[in-house]
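>>> Please work out how this folds:
(one chain, ligands or ions: 2)
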Amino acid sequence: MGEIWGLFGSKLASLLFMWAMIQRYFPHQLQNLIYKFSEKLANLFYPYVEIKFFEYTGEYMKTNEAFSAIENYLTSLSSNQAKKLKCEFVKQSLLLKMDEQEEVYDEFEGIKLTWGLRKLIRNTKSVSFYPAEDKRYYLLTFHCRYRGVVTKSYLNHVLEQGKAIGLRKRQRKLYTNCTSYGDCDNKGRWSHVIFEHPASFETLAMDPHKKKEIIDDLTTFSKAKEYYARIGKPWKRGYLLYGPPGTGKSTLVAAIANFLRYDIYDIELTAVQTNAELRKLLIGITSKSVVVIEDIDCSLELTGQRETNLDSGKGEEQNNMVTSVKEQVESVAAGNFKGNRSSKVTLSGLLNFIDGIWSASSGERLIIFTTNYVEKLDQALIRRGRMDMHVELSYCGFEGFKMLAKNYLSVESHYLFDAICGLLEETNITPADVAENLMPKVACEDVETSLKRLIQVLRSSKEEARLKAKKEEENTGTNESNGQDSLEDKKEKDAKYKELVKEH
Ligand SMILES: Nc1ncnc2c1ncn2[C@@H]1O[C@H](COP(=O)(O)OP(=O)(O)OP(=O)(O)O)[C@@H](O)[C@H]1O
Ligand SMILES: [Mg+2]
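Ligands and ions are numbered 1, 2, ... in the order given. Reported below is the predicted structural model:
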């Protein structure tokens, strides 16, 4: 045995020696010939071409649309051929997908092709700031003789078919930058659940003219791809929804997403540490999406930050990172490192997120801010062009009430409606409160009971408002008399001053 190994070793050594001699003494042309020959020899033994399609691509790990299209295309092949499958429940039916390390076979114009799902496991020993990630990819293998047909025709066929299947079975998603455990430690990555909110414009209590205006605006936007390209603007639009709590801002966001059939990306800004992380999130957003930042006034200390940060110029982002690393090092040194989660996203970072150069990376996108206090927001953030539509969601009017009564009680008219109409004009009550009072409190509660309860609530709210106004009036009166006192004081002081001047 030892002799055989010895012989093999000496043959290998002489081959390596020959190769070194060839490299050193043979002319360049001859070397090329030898390379080509060895390539042909390798092709004889393994004449296949392999193409990888990764799930995420680029430094920012953007979702690769080709991967999703291939996944859709392979579903029927997988359910027929693969032995290990993964099952998902999509639109009330089961969807079977091939598991990792499985292979399926396809045929196109007489060419046989193999698809496999693989996983690239990152070497966890390497030092990295990012958590170890496993990269999934589809591997397509075919004979090198069909390279032309496969790259020109077959792949187009797969992508087109896959996209069409995707549109048919499209389940919209609700993405968040917080993990499902709520620890918001997802650093620039999105996680998602299936978006199933039932809100629609039909059930939304709102002034009908305003509602029509929004629907028209959205319809125009969704059909305006060429228009935006012609005027040289990225295909996106900003909405600012403002109004008191419970007036339907979040409900309107869901209704808009349902109307356009877009995904929702719900950003928790306080969980984003730096502008760079915000940009990473932005790159991960696909087209046909609604990006929403709820309660923007509470999300960050944004007012006036742009000016401060503009002073520090371009180095702002680097400063953020440096500070963050510095703070972490100091914390580690102090023995109390828990990870720095305080957000350093600035107003300029947010403005760049909305309409910087990076924001045009994938079109057909709506950006929505909601707030209870529009007056608190920096004008730069909400100016037209950034937030193109400003929609005020206000207290419930009679039209809104009729819509809620139709939804909750299935009635379109009732003898108590007139009384309610009068009371709604004199009171501020949110649609959320109206809806709550219209909900049956016991099984089989009749319409009249629900409406009478609402009337009761409206009357008490009117009385409360009256008492509050009276109190305020009294307070103002007291203040005014205080003001007069001080005026008299002033007159007295003036007189004393004049006397003093005379004396002198
Ligand atoms: N305009 C409306 N039409 C229909 N239902 C509404 C409307 N406004 C509120 N509601 C009802 O009240 C509930 C609360 O509404 P929503 O969460 O949309 O209010 P909001 O304006 O987002 O409040 P907040 O400012 O506190 O976030 C909803 O679940 C919905 O049932
Ligand atoms: Mg809300």
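
>>> Spatially nearest residue to residue 157 (excluding sequence neighbours)?
The shortest distance from residue 157 to any non-neighbouring residue, by CB to CB, 6 or more residues apart in numbering, is to residue 108 (6.7 Å). Heads up, the C-betas are built off the backbone N, CA and C, glycines and all.

>>> Kindly apply the preceding question to residue 51 instead.
residue 140 (4.6 Å).

>>> The host helix or strand of the one you found pairs with which strands?
Assessed by DSSP states H and E, residue 140 sits inside strand 134-143. Strand 134-143 has its sheet partners listed here by DSSP bridges as strand 48-54 (antiparallel), strand 111-121 (antiparallel).

>>> what's the residue of the chain found nearest ligand 1 sitting at in phi/psi?
Distances between the chain and ligand 1 by CB to the nearest ligand atom are smallest at residue 248, namely 2.8 Å. Here is the backbone geometry of residue 248 (degrees, to the nearest 10): phi 100, psi 20.

>>> Quick check: bridge partners of residue 97?
Beta-bridge partners of residue 97, as defined by DSSP bridges: residue 86.

>>> List the buried residues of stretch 354-363.
For stretch 354-363, burial by neighbour count (16 or more other CB atoms under 10 Å) applies to 354, 355, 359, 361, 362.

>>> Over to stretch 434-442?
Counting neighbours by 16+ other CB under 10 Å, the buried set in stretch 434-442 is 434, 435, 437, 438.

>>> Also stretch 80-97?
So for stretch 80-97, counting by 16+ other CB under 10 Å, buried means 81, 82, 95, 97.

>>> Among those residues, which are located in strands?
95, 97 (DSSP state E).

>>> Identify the bridge partners of the most centrally placed residue in the chain.
Central residue check for the chain by CA atoms, centre = their mean: the C-alpha nearest the mean position is that of residue 265, 2.1 Å away. Bridge pairing for residue 265 (DSSP bridges) gives the partners residue 175, residue 291.

>>> contacting residues for it?
175, 176, 190, 281, 285, 289, 290, 291, 292 (CB atoms under 8 Å, 6 or more residues apart in numbering).

>>> change it to 10 Å
173-177, 190, 192, 281-282, 284-286, 289-293, 365, 367 (CB atoms under 10 Å, 6 or more residues apart in numbering).

>>> Quick one, grab the pLDDT at it.
In this prediction, residue 265 carries a pLDDT score of 95.

>>> Against residue 175, how distant is it?
Noted for residue 265: a distance of 5 Å to residue 175, by CB to CB, to the nearest Å.

>>> Overlap of the contact sets of these two?
190, 192, 281, 284, 285, 286, 289, 291.

>>> I'd like to know how many residues surround the residue lying closest to residue 146 once chain neighbours are set aside.
Sequence neighbours aside, residue 111 is the residue nearest to residue 146 in space, at 4.7 Å (criterion: CB to CB, 6+ apart). Using other CB atoms under 10 Å, residue 111 has 15 neighbouring residues.

>>> Quick check, residue 111 in contact with residue 154.
Yes: if you go by CB atoms under 10 Å, residue 111 and residue 154 touch, sitting 7.2 Å apart.

>>> intersection of neighbour lists for those two?
The contact sets of residue 111 and residue 154 overlap at 142, 146 (CB under 10 Å, 6+ apart).

>>> So which bits of the chain are right by ligand 2?
249, 250 (CB under 5 Å from the ion).

>>> Please work out which residue of the chain is closest to ligand 2.
Across the chain, the shortest distance to ligand 2 (CB to the ion) belongs to residue 250, at 3.3 Å.

>>> and residue 432, how many residues sit next to it?
16.

>>> That one: what secondary structure?
Following DSSP: H, G, I helix; E, B strand; the rest coil, residue 432 is assigned to helix.

>>> where in the stretch 151-300 of the chain is pLDDT low?
179-186, 300 (pLDDT under 70).

>>> Helices of that one, start to end?
155-169, 208-222, 225-231, 249-260, 275-283, 296-299 (DSSP state H, counting those that start in this stretch).

>>> got JSON lines for these, with mean neighbour count too?
Listed next are these as JSON lines, based on neighbours: other CB atoms under 10 Å:
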{"stretch": "helix 155-169", "mean neighbour count": "15"}
{"stretch": "helix 208-222", "mean neighbour count": "15"}
{"stretch": "helix 225-231", "mean neighbour count": "11"}
{"stretch": "helix 249-260", "mean neighbour count": "21"}
{"stretch": "helix 275-283", "mean neighbour count": "21"}
{"stretch": "helix 296-299", "mean neighbour count": "20"}
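
>>> and residue 401, which of the ones you listed is closest to it?
Each of the helices of the stretch 151-300 of the chain was scored for nearness to residue 401 using CB to CB, and the closest is helix 208-222 (12.7 Å).

>>> what about the closest one, distance to the chain center?
22 Å (CA atoms, centre = their mean, to the nearest Å).

>>> ok, and what's touching it?
By CB under 10 Å, 6+ apart, the list of residues contacting helix 208-222 reads 201-202, 204-207, 227-228, 235-237, 239, 241, 252, 255-256, 259-262, 288, 364-366, 388-389, 391-394, 399-400, 402-403.

>>> try stretch 226-233
220, 221, 224, 234, 235, 236, 237, 355, 360, 363, 364, 385.

>>> any idea how far the fifth one is from residue 384?
The gap separating residue 235 from residue 384 is 18 Å, by CB to CB.

>>> okay, these two: which has more neighbours?
Taking other CB under 10 Å, residue 235 and residue 384 do not tie; residue 235 has more neighbours (18 against 10).

>>> Quick check on the more buried one: phi, psi?
Dihedral angles (degrees, to the nearest 10) for residue 235: phi -80, psi 80.

>>> Was I right to think it contacts residue 364?
Yes: judged on CB under 10 Å, residue 235 makes contact with residue 364 at a distance of 5.3 Å.

>>> joint contacts of those two?
221, 222, 224, 225, 228, 287.
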